[in-house]
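**Student:** Here is a sequence together with a model predicted from it:
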Amino acid sequence: MEKTLTIENKTGLHARPASMFVQTANKFKAKIKLTAKGKSVDAKSILMIMSLGLQQGTDVTINADGEDAQAALDALTDLVKSKFGEE
(Lines give C-alpha, C1' and ligand atoms only; values in the text may rest on other atoms or scores of the structure.)
Protein backbone atom coordinates (compact mmCIF):
# COMPACT_ATOMS: atom_id res chain seq x y z
CA MET A 1 0.00 0.00 0.00
CA GLU A 2 1.16 3.49 -0.69
CA LYS A 3 0.31 7.13 -0.25
CA THR A 4 1.61 10.25 -1.99
CA LEU A 5 1.98 13.45 0.04
CA THR A 6 3.62 16.85 -0.29
CA ILE A 7 6.27 18.05 2.16
CA GLU A 8 4.65 21.21 3.54
CA ASN A 9 6.92 22.41 6.35
CA LYS A 10 9.07 25.41 5.36
CA THR A 11 12.41 23.79 6.10
CA GLY A 12 11.68 20.52 4.31
CA LEU A 13 13.03 17.23 5.63
CA HIS A 14 16.17 18.45 7.40
CA ALA A 15 17.80 16.52 10.25
CA ARG A 16 15.12 16.83 12.96
CA PRO A 17 12.04 15.91 10.87
CA ALA A 18 14.02 13.23 9.05
CA SER A 19 14.92 11.77 12.44
CA MET A 20 11.25 11.86 13.51
CA PHE A 21 10.25 10.14 10.25
CA VAL A 22 12.83 7.35 10.74
CA GLN A 23 11.93 6.89 14.42
CA THR A 24 8.27 6.53 13.48
CA ALA A 25 9.03 4.13 10.61
CA ASN A 26 11.15 1.97 12.92
CA LYS A 27 8.18 1.37 15.24
CA PHE A 28 6.68 -0.93 12.60
CA LYS A 29 7.65 -4.33 11.23
CA ALA A 30 6.53 -3.42 7.71
CA LYS A 31 9.11 -2.75 5.01
CA ILE A 32 8.78 0.98 4.28
CA LYS A 33 10.18 2.89 1.32
CA LEU A 34 10.16 6.60 0.61
CA THR A 35 10.19 7.66 -3.04
CA ALA A 36 10.86 11.18 -4.30
CA LYS A 37 12.60 12.77 -7.28
CA GLY A 38 12.76 9.39 -9.02
CA LYS A 39 14.68 7.69 -6.17
CA SER A 40 13.43 5.12 -3.66
CA VAL A 41 15.14 4.72 -0.29
CA ASP A 42 14.68 2.73 2.90
CA ALA A 43 12.48 4.90 5.14
CA LYS A 44 14.15 3.41 8.23
CA SER A 45 17.56 4.90 7.34
CA ILE A 46 18.19 8.54 8.23
CA LEU A 47 21.16 8.73 5.86
CA MET A 48 19.07 7.52 2.95
CA ILE A 49 16.24 9.97 3.77
CA MET A 50 18.68 12.88 4.10
CA SER A 51 20.30 11.94 0.76
CA LEU A 52 17.03 12.82 -1.01
CA GLY A 53 17.34 16.49 0.00
CA LEU A 54 13.58 16.93 0.37
CA GLN A 55 12.40 20.53 0.40
CA GLN A 56 9.04 22.22 0.89
CA GLY A 57 6.69 21.41 -1.99
CA THR A 58 8.34 18.09 -2.89
CA ASP A 59 5.94 15.20 -3.53
CA VAL A 60 6.88 11.98 -1.76
CA THR A 61 5.37 8.52 -1.93
CA ILE A 62 5.43 6.32 1.14
CA ASN A 63 5.17 2.61 0.36
CA ALA A 64 4.59 0.09 3.14
CA ASP A 65 4.47 -3.68 2.84
CA GLY A 66 3.93 -6.16 5.68
CA GLU A 67 1.64 -7.08 8.54
CA ASP A 68 1.33 -3.58 10.02
CA ALA A 69 1.65 -1.67 6.74
CA GLN A 70 -1.61 0.25 7.12
CA ALA A 71 -0.76 1.41 10.64
CA ALA A 72 2.71 2.48 9.48
CA LEU A 73 1.27 4.38 6.53
CA ASP A 74 -1.28 6.11 8.78
CA ALA A 75 1.36 7.14 11.35
CA LEU A 76 3.79 8.48 8.74
CA THR A 77 1.00 10.30 6.88
CA ASP A 78 -0.09 11.99 10.13
CA LEU A 79 3.52 13.01 10.81
CA VAL A 80 3.98 14.60 7.37
CA LYS A 81 0.58 16.32 7.52
CA SER A 82 1.44 17.75 10.97
CA LYS A 83 4.47 19.42 9.34
CA PHE A 84 6.59 17.53 11.90
CA GLY A 85 5.28 19.83 14.61
CA GLU A 86 7.29 22.75 13.21
CA GLU A 87 4.50 25.21 12.39
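**Tutor:** Arrived safely.
**Student:** In terms of secondary structure, what does the longest helix along the chain contact?
**Tutor:** Longest helix of the chain, by residue count under DSSP state H: helix 69-81. Under the contact criterion of 3 or more C-beta pairs under 8 Å, 6 or more residues apart in numbering; DSSP states H and E, helix 69-81 touches strand 2-6, helix 15-25, strand 59-65. Any C-beta I mention is one placed from the backbone N, CA and C, and that applies to glycine too.
**Student:** what mean pLDDT does the second one have?
**Tutor:** In this case it means helix 15-25. Averaged across helix 15-25, pLDDT comes to 96.
**Student:** helices or strands up against it?
**Tutor:** Looks like helix 15-25 contacts helix 46-51, helix 69-81 (3+ C-beta pairs under 8 Å, 6+ apart).
**Student:** Turn the ones you listed into TSV, columns for mean pLDDT and distance to Ser19.
**Tutor:** Output for the helices and strands packed on helix 15-25, formatted as TSV (pLDDT from 0 to 100; distance: least, C-beta to C-beta, whole Å):
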stretch	mean pLDDT	distance to Ser19
helix 46-51	96	6
helix 69-81	97	11
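**Student:** Including mean neighbour count and distance to Glu8, could these go into TSV?
**Tutor:** Listed next are the helices and strands packed on helix 15-25 as TSV, based on neighbours: other C-beta atoms under 10 Å; distance: least, C-beta to C-beta, whole Å:
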stretch	mean neighbour count	distance to Glu8
helix 46-51	16	16
helix 69-81	17	8
